[in-house]
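Chemist: Would you be able to build a 3D model of this:
(2 chains)
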Amino acid sequence: MLGPVVVSGLVTGGIYSLLAVGFALIFSVARIINMGHTAFYMLAAFLVFIGTKILHLPIVVSAICAVAVATLVALGYFKGTIERVKQHELAVLLITIAFAILLQEIFLALFSARFQAIDAFLLGYVEFAGVRVAYQYIFALVTSFLVLGVLLLLLKSRIGVAIRAVAQDPEIANAMGIDDKKICLVVMGMSAGLAALAAILIAPIVMVHPYMWTPPLVVVLAAVVLGGLGSITGSIVGAFILGFVEVAVVNLVPEGTFLRGVASLVAMIVVLLVKPEGLFGIVFEEERL
Amino acid sequence: MVAALLSWSFLLSTGPEAPWAAEATKIKIGILGPMKFLSGEHQWKGAALAVEEINKAGGLTVAGKKYLLEAVQIDDNSFVSVPDAASAMQKAATVDRVKYVIAGGRTEAVLAQQEIAMDHKVLYLGISMSSPPNKPILKDYQRYKYYFNAPNCISGDYILHLAAVCYPGIRAVKEALKLDTVKVAYLAEKAVWADAIYGLLKQALPKLGCELVGEWRPSHLTTDVSTELAAIKAAGAHAIIHIFSAEGGTAVSRQWGEVKFPAALIGVNVPAQRKTHWDVTGGLCNYESYFDWQFPLPITEKTVPYYEAFAKKYNGEFATWTANTGYDGVYVIKAALEKAGSLDTAALVPALEKLEMVGVTGKIAYLPPDHPVSPHGIKFGPGYTHGIQLQWVNGKQVPYWPDGNELPPELLALGLPSGWDKAKYPGMGKYVVPPWVIEYWKGKP
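Modeler: Sure, this is the predicted structure:
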């Protein structure tokens, strides 16, 4: 029992963390709750599907194009809508949800709700602790860790310092000569790029369909709140906790597998009751990122 | 004044004397389903094909008057939202004013739609595979008599049929792996009809030398069952009975094949019925066994021509079971209208109760309204509606059951009809245990 829980928990948590980090990043820096975050995940997955199955492009080319297009769309979406209403939290919330639903309806109209498949980068599997794990999962997990590592290093670079400065206090950062608007735009691009990357890694395992953005959104929200809104480390830890909770539900309460999402939310509530700011929550603004 | 005019025009538009009453020569049949999903899409396509055939042949005659049929498509979104499904029925009854519907897709949606349909005395052929929508007929016949199962939708204990079709595959696993007891895992979407199957499997499997090692119930729209598969492997299952009506079944096929999962996959998976399933899963569904209501075998004189007509009308597309439900459903309504000699839905009820007609999957007849388990359910068995078990083998769908053998007495004792040894069709193959399953269990206890 322990083997399957550990292996599946690591894989699930690793994938969730990639999505959660992007969400946490844009919240920390731009202070927006981007409910459309996982819509970029869906957009990239469909772009890879279109690239490989309709245009018959190689998967690597399709994947690169998908990340690029999803990032560009995110930049346009940020510049054209969110930036204009950034001060009005409710408006941002509504716009981001509307954007996700708009994308969903576009893909529904184009491809109906049928599940579509993308070929895996790597075929085959390996057995760990009695669990058969597809190579694509290993690939997704390793890539997730690499990307998260690079991201954490990046936050220590010159641009990273600027991002952290804006995250801590945009006005002071601005007074120090940092263009906070530009930084927010860069972070939006990074956040969408991470979501797109997650799609490329995960979509060959799961299926591509117009409703695929909603289940991970719930998990991402739960992971980020659980870890502490605004904390990158917290979002990663939160994602792994939820990954393990879900896997534990499937193994311990198999007839209640459909409740795995609910179990994540219950875990989040329990943590919030004990530690309202989340595990790595921001008590002081200086602690951001 | 304006209000009075508006009220008057409203009355005109809704009353029986409306100017377009002349169009009454057309009888509308509502086709409600999740149209953005394969299930609803094919339900509509099958119904549209039947309407086209009937109209091309001159329509139908009811009480000496000629009518044409018109299918009205309503997307009820029932796979995603039960409230949407209920609203769609409300629309069908009050806006589109249809009196006959083929609708549902999921029992949960049927239960919600049923009350509205009964309020409006709409004849409702429900697409549901379990008996809760049938049961109210026993308690309040006058209100619920308008509910009948749609063709193919056997329900109640008759859902045991679905459990029975898994038997030949399980038996093959038992023989190939030389097992005394086959460990079986139940992997099914969380839906009412799948609950009913599980209840029956719990009774049936021990009698067939099987042990049920667990029940895993992801959402019907799941996209990832890798965790469930890991848990099933830990439980030591030799076979998985998978039950999926919605798109989640595609993920099951794919992830099972991806890791060459060491348990045979046998069950009900609607997405696997599609010809495109092989491509969608990248061939990973190889050796998956699944149930279908139909296949182009000469089951009745209508079966093969129906397949050919469907493929011709829809660019070579392969009809899945809801297509057949829509197709035969329209013919059932036509037969009832003609037999009753009336458009009144109350008059159609006794006509349907006595109906016997040849459909695509066998003779269609209804169980009596006082049947203890499934009143107004579809009668099934050899000669009547029954299903076929198939397997994907190297890109081809191979039918292998009925195999010309009678079911074992243990299954017949549970209430299944006998006479399966007479259900013989040419072109049947044999179930093949996935080679990697045999390889994995070689030498293992």
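Chemist: Run a quick neighbour tally on residue A:175.
Modeler: 9 (other C-beta atoms under 10 Å in any protein chain shown). Where you see a C-beta, it was placed from the backbone N, CA and C, and this is true even at glycine.
Chemist: Tell me the spacing between it and residue A:88.
Modeler: Per C-beta to C-beta, to the nearest Å, residue A:175 is found 24 Å from residue A:88.
Chemist: now residue A:189
Modeler: In this view, residue A:189 and residue A:88 are 22 Å apart by C-beta to C-beta.
Chemist: Looking at those two, which is more packed in?
Modeler: Ranked by neighbour count (other C-beta under 10 Å), residue A:189 and residue A:88 place residue A:189 first, with 17 against 11.
Chemist: where does the chain have low pLDDT?
Modeler: I'll assume chain A. A:1, A:3-4, A:282-289 (pLDDT under 70).
Chemist: meant chain B, my bad for not saying
Modeler: Looking at chain B by pLDDT under 70, you get B:1-24, B:155-160, B:163, B:445.
Chemist: Chain A contacts on that one?
Modeler: B:34, B:36-38, B:41, B:79-80, B:190, B:214-219, B:221, B:223-224, B:226-231, B:233-234, B:247, B:250-251, B:254-255, B:258-262, B:271, B:280-282 (C-beta under 8 Å from any C-beta of the partner chain).
Chemist: Hmm, residue B:345 is touching residue B:123, no?
Modeler: Yes: at 4.4 Å, residue B:345 counts as touching residue B:123 under the criterion of C-beta atoms under 8 Å.
Chemist: okay, the two: which has more neighbours?
Modeler: Ranked by neighbour count (other C-beta under 10 Å), residue B:345 and residue B:123 place residue B:123 first, with 26 against 21.
Chemist: Please narrow the residues of chain B next to chain A to those residing in strands.
Modeler: B:214, B:215, B:216 (DSSP state E).
Chemist: Now render the residues you listed as JSON lines, adding neighbour count.
Modeler: Formatted as JSON lines, these follow (neighbours: other C-beta atoms under 10 Å in any protein chain shown):
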{"residue": "B:214", "neighbour count": "18"}
{"residue": "B:215", "neighbour count": "19"}
{"residue": "B:216", "neighbour count": "27"}
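Chemist: Against which helices or strands is the lengthiest strand in chain B packed?
Modeler: For chain B, the strand with the greatest residue count under DSSP E is strand B:65-75. Strand B:65-75 makes packing contacts with strand B:26-33, helix B:38-56, strand B:60-62, helix B:82-94, helix B:321-340 when contacts are defined by 3 or more C-beta pairs under 8 Å, 6 or more residues apart in numbering or on different chains; DSSP states H and E.
Chemist: Using CSV, write out every CA atom in it.
Modeler: The C-alpha trace of strand B:65-75 is given here as CSV (Å, rounded to 0.1, in the frame of the first residue of the first chain):
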residue,chain,number,x,y,z
LYS,B,65,-54.6,10.8,-41.6
LYS,B,66,-51.1,11.1,-43.1
TYR,B,67,-48.4,12.6,-41.0
LEU,B,68,-44.7,13.3,-41.4
LEU,B,69,-42.3,13.2,-38.5
GLU,B,70,-40.0,16.0,-37.3
ALA,B,71,-37.2,15.4,-34.9
VAL,B,72,-36.5,18.4,-32.5
GLN,B,73,-32.9,18.5,-31.2
ILE,B,74,-32.5,19.8,-27.6
ASP,B,75,-29.1,19.8,-25.9
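Chemist: So which residue is dead centre in chain B?
Modeler: Nearest to the mean C-alpha position of chain B, by C-alpha atoms, centre = their mean, lies residue B:153 at 4.9 Å.
Chemist: sorry, back to before: shared neighbours of residue B:345 and residue B:123, which are they?
Modeler: Each of B:99, B:100, B:146 lies in contact with both residue B:345 and residue B:123 under the rule C-beta atoms under 8 Å, 6 or more residues apart in numbering or on different chains.
Chemist: correct me, but residue B:187 touches residue B:212?
Modeler: No: using C-beta under 8 Å, residue B:187 is not in contact with residue B:212; the gap is 11.7 Å.
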